[in-house]
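[1] Quick one: sequence and predicted model below, then my questions.
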Amino acid sequence: MRNKILILAACLIPLITAAQSWKSKPFSISLLNNATLYPPKSLTAIFNQPIHPGFSASYEFGWRETIKNPMFRNVNTHALGGRQVYTGKWFQNIGLSYYYHRYVNHAVLITTQAGYRRYLGKFSAEVSLHAGYMHAFLLTEQFLKLSDGSWKSQKLPSKAQIVGGAGIGIGYDAGYHYNTRRIFINYDFRLQMPFISNYVPLLPNGILSAGIQFTLFKNPGSHSKPAPKQLECPKS
């Protein structure tokens, strides 16, 4: 089982090289709280439950953006130097995250998320699906009875697991299209498996995170478009 999980995790890495180069190349960093509860309790756990803190970093390589030309439906105004309006983005990312669950474990995850982000002016809203690999370093111990009748404690081994789920998020971009400075709040719900086969095979995880998405380098983007040209008048 562990070999299958490791193979699945390794398969996530080539997704970066398979994807097209994304012009804005956004990265993101965030702080998170992980609660092993179903929604909506895991969404509000940061206010009324013990905090299980963590952090995450990801790179979004994207697929394509949805675009409309606002002036002429049947004329390619962008080719003539007109302004494009970006309405949303089909995106995918790969990320590395860590969290600490008090008295239970430290966990490191490699995940990929794929979804759609809708632009609402400077604001945005998104939905996504998740899959990934999790390695948990357990803090609990078990007791073994020795042949002389005494007991010996030993730490449990680390565990390799699969995670999968979905998420929603909102954001506000304080930058501009090719130089992102997007502040976001995301809520993700994931199932961790296998947890304890004969007790809780699927463990729910609700993750509330807040962070910023940004580009490292300036990109002139659409500022390098050709100058506008006069449209030819229709002939009678």
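    All right, it came through fine. Residues are numbered from 1 along each chain as shown.

[2] Run through the protein and note the low-pLDDT ranges.
    Counting by pLDDT under 70, the chain contains low-confidence ranges at 1-24, 69-84, 141-146, 149, 177, 218-236.

[3] Please enumerate the strands of it.
    When secondary structure is read from DSSP state E, the chain shows strands at 26-35, 53-60, 64-68, 85-101, 105-120, 123-138, 141-145, 151-155, 159-173, 181-193, 203-215.

[4] what comes up buried for the third one?
    Burial within strand 64-68, assessed by neighbour count using 16 or more other Cβ atoms under 10 Å, is assigned to residue 65. Any C-beta I mention is one placed from the backbone N, CA and C, and that applies to glycine too.

[5] follow-up on the earlier one: closest to residue 45 out of the strands of the chain?
    Closest approach to residue 45 among the strands of the chain (Cβ to Cβ): strand 26-35, 3.6 Å.

[6] Number of residues surrounding residue 155?
    Residue 155: 11 surrounding residues under other Cβ atoms under 10 Å.

[7] oh sorry, the question was meant for residue 185
    Considering only other Cβ under 10 Å, residue 185 is surrounded by 14 other residues.

[8] got the contact list for it?
    Neighbouring residues of residue 185 by Cβ atoms under 8 Å, 6 or more residues apart in numbering: 169-171, 208-210.

[9] mind redoing it with 10 Å?
    Contacts for residue 185 were tallied using Cβ atoms under 10 Å, 6 or more residues apart in numbering; they are 30, 168-172, 208-211.

[10] hang on, isn't residue 58 packed against residue 112?
    Yes. Contact status for residue 58 versus residue 112: in contact at 9.0 Å, counting by Cβ atoms under 10 Å.

[11] Find the residues that touch each one of those two.
    By Cβ under 10 Å, 6+ apart, residue 58 and residue 112 have these common neighbours: 93-95.

[12] Of these, which is the most crowded?
    Within those, residue 93 tops the neighbour count with 23 neighbours, counted by other Cβ under 10 Å.

[13] Relative to residue 214, how far out is the residue nearest to that residue when sequence neighbours are not counted?
    Of all residues not flanking residue 93 in the chain, residue 60 sits nearest, at 4.1 Å (Cβ to Cβ, 6 or more residues apart in numbering). Using Cβ to Cβ, to the nearest Å, one obtains 11 Å as the distance from residue 60 to residue 214.

[14] Overlap of the contact sets of the two?
    Jointly contacting residue 60 and residue 214 under the rule Cβ under 10 Å, 6+ apart are 24-28, 180.

[15] Just give me the closest of these to residue 139.
    For the shared contacts of residue 60 and residue 214, the minimum distance to residue 139 (Cβ to Cβ) is 28.6 Å, reached by residue 28.

[16] got a list of what the residue lying closest to that closest one once chain neighbours are set aside touches?
    Once its chain neighbours are removed from consideration, residue 28 has its nearest residue in residue 213; the separation is 4.0 Å (Cβ to Cβ, 6+ apart). Contact criterion Cβ under 10 Å, 6+ apart gives 24, 26-30, 58, 60, 93, 124, 171, 173, 175, 180-184 as the residues in contact with residue 213.
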